[in-house]
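In: no sequence on this one, just coordinates:
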């Protein structure tokens with residue numbers, strides 16, 4: 001029996017004589033639309049401006065051409081690769097009765113020639129071939145991305161914005177520290193709240209004040225640092241307010257549940273829930289695969305080797321889980337997972353970094369079962385329910 005969440009193949013039988021199949025090669029300035037129209041011998045190809053209304057009119061025009069050729073069109077299926085345009089077009093088309101799919105770009109097979117020809121027209125043909133095989137039900141011909149709702153997409157924004165702001169805060173601090181060290185000043189802390197007031201009194205080892213242009217640069221950097229820090233605090237405060245205002249929301253309930261695990265804070269819990277745990281994933285293998293915590297074997301004939309992590313999944317989840325695995329060992333030393341890790345590394349300390357990835361995979365699956373099924377991992381310590 002097929003699983004309804006299996007996006008590696010279509011679950012609806014394809015009646016090609018009654019189905020208009022179209023693919024879109026999308027760029028910032030234009031869309032190239034190719035199609036297979038029942039009753040029309042040629043495969044039409046049309047270049048459009050990035051206009052969804054023009055695209056819909058084109059699909060309806062091709063449908064009318066098929067009807068004139070004596071065919072009854074009962075289904076219009078459209079696909080395009082995942083990219084900058086995201087999922088809005090797929091949602092818009094679905095609201096108008098058109099099947100829309102988003103193909104994982106990396107799942108489309110291409111020629112491995114050293115200098116293969118690559119044009120939008122050739123890419124459209126590759127997309128068409130991959131999409132047709134998927135519609136026929138051929139397993140792993142290509143893979144489709146799950147299309148989130150607008151609310152689900154919006155729920156990821158605070159965590160991702162905070163991640164960008166934290167990285168920007170580190171860059172600003174590093175730039176200020178480097179600027180001061182270039183002048184021989186090492187004891188001054190430019191990230192402190194009162195640093196702007198004390199900057200004028202700072203002296204170099206030569207007894208000179210900070211040069212005027214450098215001082216102006218540092219003050220601008222300090223102003224930027226205050227803005228970024230305030231924005232990070234605003235995001236964190238808004239998250240706490242949302243959790244308090246709507247505690248019964250399914251995603252908020254997951255966040256509050258995960259935050260009860262000692263060693264997991266609100267930020268990590270929010271990231272895990274919105275990036276992976278709230279998705280309708282098929283099983284534990286799909287969970288590990290989506291996080292990119294599975295291996296990538298290289299086997300051919302007698303050759304057997306492991307190339308390391310596949311890294312084909314969500315990089316945020318992968319980084320977060322590896323960091324969380326190290327923290328889990330510190331805050332949950334009596335858990336079954338921590339004991340499993342110790343047993344496998346006590347006599348082989350050189351494998352600690354390798355085994356922590358395996359621990360991260362097991363921990364992610366355990367948290368997925370905890371958040372979705374309520375199965376509490378063995379031996380973990382929980383905070384009291386709020």
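Out: All right, it came through fine. Predicted, not measured: the structure shown is a model, and the values here were computed from it.
In: going forward, measure contacts between C-alpha atoms and count neighbours the same way
Out: Noted.
In: mind listing what's buried in stretch 7-14?
Out: If you call a residue buried by 16 or more other C-alpha atoms under 10 Å, then stretch 7-14 has these buried ones: 7-11.
In: let me see the contact set for the residue nearest the centre of the chain.
Out: For the chain, the residue lying nearest the average C-alpha position, counting by C-alpha atoms, centre = their mean, turns out to be residue 314 (4.4 Å). With contact taken as C-alpha atoms under 8 Å, 6 or more residues apart in numbering, residue 314 is in contact with 275, 290-292.
In: that older thread, wait, which of the buried residues of stretch 7-14 is closest to residue 55?
Out: When those are compared for distance to residue 55 (C-alpha to C-alpha), residue 10 comes out closest, at 23.5 Å.
In: am I right that the closest one is in a helix?
Out: No: per DSSP: H, G, I helix; E, B strand; the rest coil, residue 10 lies outside any helix segment and is coil.
In: any idea how far residue 197 is from it?
Out: Going from residue 10 to residue 197 by C-alpha to C-alpha, to the nearest Å gives 65 Å.
In: hey, where'd the helices end up in the stretch 151-300 of the chain?
Out: 195-198, 212-245, 250-258, 266-272, 284-290 (DSSP state H, counting those that start in this stretch).
In: could you export those as TSV, including distance to residue 299 and mean neighbour count?
Out: Putting the helices of the stretch 151-300 of the chain into TSV (distance: least, C-alpha to C-alpha, whole Å; neighbours: other C-alpha atoms under 10 Å) gives the following:
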stretch	distance to residue 299	mean neighbour count
helix 195-198	58	13
helix 212-245	46	15
helix 250-258	39	20
helix 266-272	33	21
helix 284-290	19	18
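In: among those, which comes closest to residue 83?
Out: That would be, of these and by C-alpha to C-alpha, helix 284-290, which comes in at 17.4 Å.
In: name the residues that touch that closest one?
Out: Where contact means C-alpha under 8 Å, 6+ apart, the residues beyond helix 284-290 that reach it are 276, 281, 294, 312-314, 361, 364-365, 368.
In: what about 6 Å?
Out: In this structure, residues lying in contact with helix 284-290 by C-alpha atoms under 6 Å, 6 or more residues apart in numbering are 313, 365.
In: can you give me the mean pLDDT across it?
Out: Mean pLDDT, taken over the full extent of helix 284-290, equals 91.
In: and stretch 199-213, by the same measure?
Out: In this model, stretch 199-213 carries a mean pLDDT of 94.
In: can you get me the start-to-end distance on it?
Out: With C-alpha to C-alpha, one end of stretch 199-213 sits 13 Å from the other.
In: same question, stretch 252-269
Out: Distances were taken as C-alpha to C-alpha; on that basis the terminal residues of stretch 252-269 are 10 Å apart.
In: where does pLDDT dip in the chain?
Out: Along the chain, the parts satisfying pLDDT under 70 run over 1-6, 386.
In: domain assignment for it?
Out: When the chain is parsed with automatic domain parsing, its domains come out as 16-147, 151-245, 252-373.
In: now these in a markdown table, with distance to residue 385?
Out: Below are those laid out as a markdown table (distance: least, C-alpha to C-alpha, whole Å):
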| stretch | distance to residue 385 |
| --- | --- |
| domain 16-147 | 33 |
| domain 151-245 | 14 |
| domain 252-373 | 7 |
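In: how about those domains, which one is nearest residue 381?
Out: Comparing the domains of the chain against residue 381 with C-alpha to C-alpha, the closest turns out to be domain 252-373 (6.1 Å).
In: so which of the buried residues of stretch 7-14 comes closest to residue 236?
Out: The closest of those to residue 236 turns out to be residue 7 (C-alpha to C-alpha; 34.7 Å).
In: isn't that closest one right next to residue 146, touching?
Out: No: in terms of C-alpha atoms under 6 Å, residue 7 does not count as a neighbour of residue 146; the distance is 7.5 Å.
In: check which element follows the helix or strand containing residue 21 along the chain.
Out: Counting by DSSP states H and E, the element that carries residue 21 is strand 19-26. Once strand 19-26 ends, the next helix or strand along the chain (criterion: DSSP H and E) is strand 31-36.
In: give me the helices and strands touching that next one, please.
Out: Taking 3 or more C-alpha pairs under 6 Å, 6 or more residues apart in numbering; DSSP states H and E as the contact definition, the neighbouring helices and strands of strand 31-36 are strand 19-26, strand 45-48.
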